[in-house]
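Participant: test case, fold it:
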Amino acid sequence: MTPRSAHFFESITKEYIYDVMGQSVYIYPFVSKKSSPSNKYEKIYGENSSLQYDEAIEIPCKVSLSPKNTNTFEETYQETYSDIEVFILRETLKDLDFTPNIGDIIVFQRLYYEVFEIDDTPMYFGSPEFKFAFNLRGHTKRVDNLDLPMIEDNDV
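Facilitator: You can find the predicted model right below:
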């Protein structure tokens with residue numbers, strides 16, 4: 001694989017994601033410096049009610065959703081959840097000067113997902129010098145008590 005071939009495949013992939021797929025997500029970057037657990041239970045269980053996020057960034061990508069599932073709690077409350085996988089080109093992230101992190105919030109089709117895994121191994125023909133994308137995996141997140149900056153309704 002030559003750098004010229006890798007650039008060709010990258011440009012085809014970018015055209016496919018931007019012009020054919022036409023999908024995008026909004027990502028709220030998690031700001032760890034502003035977010036600290038306020039009590040011992042939050043530190044142990046990783047549940048922090050005072051998390052803070054920067055403004056949302058719109059990112060063109062390829063999105064895959066898992067089928068929705070439902071949990072029922074004591075026959076009075078139902079919760080629907082699903083997982084998301086987001087494929088983002090490295091070039092796109094470089095252009096936006098953004099690096100995804102675990103804990104970021106993804107918004108897609110008015111649902112919120114928390115990133116729990118970042119895979120940066122997609123590469124052309126198995127060549128480590130030609131890594132070209134990130135796969136972000138997230139699960140549904142309740143946002144009742146999160147203080148997220150608003151996104152315009154027509155943008156989501």
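Participant: ok, and what's touching stretch 91-110?
Facilitator: For stretch 91-110, contacts defined as Cβ atoms under 8 Å, 6 or more residues apart in numbering pick out 10, 14, 17, 25-30, 32, 51, 53, 56-57, 59-61, 63, 65, 84, 86, 88, 112-118, 132, 134, 136, 138, 141, 143, 146, 148, 151, 156. For the C-beta atoms, the positions are set from N, CA and C on the backbone; glycine is no exception.
Participant: buried ones in stretch 128-138?
Facilitator: Going by neighbour count (16 or more other Cβ atoms under 10 Å), the buried part of stretch 128-138 is 130, 132-138.
Participant: if we can go back for a sec, among the contacts of stretch 91-110, name the ones in helices.
Facilitator: Using DSSP state H, the subset of the contacts of stretch 91-110 located in helices is 10, 14.
Participant: which of the contacts of stretch 91-110 are buried?
Facilitator: Neighbour counting by 16+ other Cβ under 10 Å classes 10, 17, 25-30, 51, 53, 56-57, 59-61, 63, 84, 86, 88, 112-115, 118, 132, 134, 136, 138, 141, 146, 148 among the contacts of stretch 91-110 as buried.
Participant: quick one: the strands in the protein?
Facilitator: Ranges of strands within the chain are 24-28, 57-60, 62-65, 69-73, 77-81, 83-89, 105-108, 111-119, 133-140, based on DSSP state E.
Participant: make a markdown table out of those and add mean pLDDT.
Facilitator: Listed next are those as a markdown table, based on pLDDT from 0 to 100:
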| stretch | mean pLDDT |
| --- | --- |
| strand 24-28 | 92 |
| strand 57-60 | 93 |
| strand 62-65 | 90 |
| strand 69-73 | 70 |
| strand 77-81 | 70 |
| strand 83-89 | 92 |
| strand 105-108 | 91 |
| strand 111-119 | 90 |
| strand 133-140 | 90 |
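Participant: format those strands as a markdown table; extra columns: distance to Arg4.
Facilitator: As requested, the strands of the chain are exported to a markdown table (distance: least, Cβ to Cβ, whole Å):
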| stretch | distance to Arg4 |
| --- | --- |
| strand 24-28 | 29 |
| strand 57-60 | 24 |
| strand 62-65 | 24 |
| strand 69-73 | 45 |
| strand 77-81 | 44 |
| strand 83-89 | 18 |
| strand 105-108 | 34 |
| strand 111-119 | 26 |
| strand 133-140 | 19 |
